[in-house]
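# need coordinates for the below:
(one chain, ligands or ions: 4)
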Amino acid sequence: MLNKYARAFFTRVLTPFAALLIRLGVSPDAVTLIGTGGVMAGALVFYPQGEFFWGTVTITLFVFSDLVDGNMARQLGRSSRWGAFLDSTLDRVADAAIFGGLALWYAGRGDSLTLCAVTIFCLASGQVVSYTKARGEAIGLPVNVNGLVERAERLVISLVACGFSGLHKFGVPGIQILLPIALWIVAVGSLVTMVQRVVTVRREAAEADAAASGGGAG
Ligand SMILES: CCCCCCCC/C=C\CCCCCCCC(=O)OC[C@H](COP(=O)(O)O[C@@H]1[C@H](O)[C@H](OP(=O)(O)O)[C@@H](O)[C@H](O)[C@H]1O)OC(=O)CCCCCCC/C=C\CCCCCCCC
Ligand SMILES: Nc1ccn([C@@H]2O[C@H](COP(=O)(O)O)[C@@H](O)[C@H]2O)c(=O)n1
Ligand SMILES: [Mg+2]
Ligand SMILES: [Mg+2]
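Ligands and ions are numbered 1, 2, ... in the order given. Modelled structure (predicted):
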């Protein structure tokens, strides 16, 4: 949904910044790599210590690089297969760091085995959601479904809740409840999305196989 409706807005907003980076001689791959490094650092340094506000601020500064790198590649007329591979692969790394950092918090001083498990489920199911599409497309299917909770939704729900939960440390009472609520929403939403994509791939695969065997018989 966000990918459909918010992308155009962010493309407009980020295009001048992407153009500036190009003029400075920065490459799209460098933006992809630095952005991922920044997200990983924010997540793995701050979240395991329960510093959700500063972790989220750091991650937010870098996560938009994922919209800038593709924008730069398109402005340069240099969108490439390698760039698409690098972008998607490092998305998985960044997501693993975000939910991994939160899982480390709950496994340690956050002291909740249940929320640690829910967070690990968010991490794993998010990766599987992305894999279903990548694998479906790799076997030649269109995978004509995005599903309820894509990556942008997973990130926005988790990061907004994390950032606000972090205000607890600045004296806002009760606000830390937002993070567990968000993690449950992302977990359930990712499960639904996984099922939506698997069902779509199953239908598309059956149709493609039927068309292929029908074509062979004729
Ligand atoms: C006082 C309170 C403190 C608050 C602290 C700050 C809170 C900040 C909160 C949030 C900021 C969140 C920003 C998140 C931005 C996410 C941008 C992003 O990375 O989007 C990813 C996506 C890129 O698409 P790709 O094509 O590169 O990726 C594909 C995707 O990963 C596929 O995954 P799948 O969906 O299948 O699981 C893969 O399959 C594929 O391989 C891969 O290539 O970009 C988009 O989707 C575009 C839409 C971006 C929409 C961003 C919306 C940000 C909106 C709101 C920010 C809200 C801020 C509110 C703060 C409130 C605080 C007061
Ligand atoms: N280093 C990169 C990163 C991305 N691309 C191209 O952009 C597409 C992704 O666009 P986003 O707006 O989602 O970032 C990707 O599929 C590549 O075509 C690139 O070439 N090099
Ligand atoms: Mg990108
Ligand atoms: Mg990306």
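
# residues contacting the closest residue to residue 51 other than its chain neighbours?
Of all residues not flanking residue 51 in the chain, residue 166 sits nearest, at 6.9 Å (CB to CB, 6 or more residues apart in numbering). Where you see a C-beta, it was placed from the backbone N, CA and C, and this is true even at glycine. Taking CB atoms under 8 Å, 6 or more residues apart in numbering, we find residue 166 in contact with 51-56.

# format these as TSV; extra columns: pLDDT, secondary structure and distance to ligand 1.
Shown next, in TSV, are the contacts of residue 166 (pLDDT from 0 to 100; DSSP: H, G, I helix; E, B strand; the rest coil; distance: CB to the nearest ligand atom, whole Å):
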residue	pLDDT	secondary structure	distance to ligand 1
51	98	coil	12
52	98	helix	9
53	98	helix	6
54	98	helix	10
55	98	helix	10
56	98	helix	5
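
# excluding its backbone neighbours, what's nearest residue 193?
residue 147 (3.5 Å).

# now, among the contacts of residue 166, which is nearest to ligand 2?
residue 56 (21.0 Å; CB to the nearest ligand atom).

# ok, now which ones touch the residue lying closest to that closest one once chain neighbours are set aside?
Leaving aside its chain neighbours, residue 56 sits nearest to residue 163 (3.7 Å; criterion: CB to CB, 6+ apart). By CB under 8 Å, 6+ apart, the residues touching residue 163 are 52-53, 56-57, 60.

# residue boundaries of the strands in the chain?
Applying DSSP state E to the chain gives no strands.

# any idea which residue is closest to the centre of it?
Taking CA atoms, centre = their mean as the criterion, residue 151 is the residue nearest the geometric centre of the chain, at 3.6 Å.

# can you tell me how far that residue is from residue 186?
Applying CB to CB, to the nearest Å, the value for residue 151 to residue 186 is 11 Å.

# overlap in contacts, the two.
residue 126.

# need the pLDDT of residue 214.
Model confidence at residue 214, expressed as pLDDT, equals 83.

# and if you look at the one 3 residues further on?
Note for residue 217: predicted pLDDT of 54.

# from now on call the first residue 46
Sure, I'll start counting at 46 from here, so that last one is residue 262.

# which bits of the chain sit near ligand 2?
Within reach of ligand 2 by CB under 6 Å from any ligand atom, the chain has these residues: 73-74, 77, 111-112, 114-116, 118, 124-125, 128-129, 131-132.

# identify the farthest-apart pair in those residues.
Maximum pairwise distance among these (CB to CB): 17.3 Å, between 112 and 125.

# show me the shaky parts of the protein.
261-263 (pLDDT under 70).

# and the residue of it closest to ligand 1?
Relative to ligand 1, the nearest point of the chain is residue 208 (2.5 Å; CB to the nearest ligand atom).

# what's near enough to touch the nearest residue to residue 62 once chain neighbours are set aside?
Spatially, and ignoring its direct neighbours in sequence, residue 62 is nearest to residue 113 (6.5 Å; CB to CB, 6+ apart). Applying CB under 8 Å, 6+ apart to residue 113 gives the contacts 59, 62-63, 66, 76, 80.

# this completes my enquiry, with thanks.
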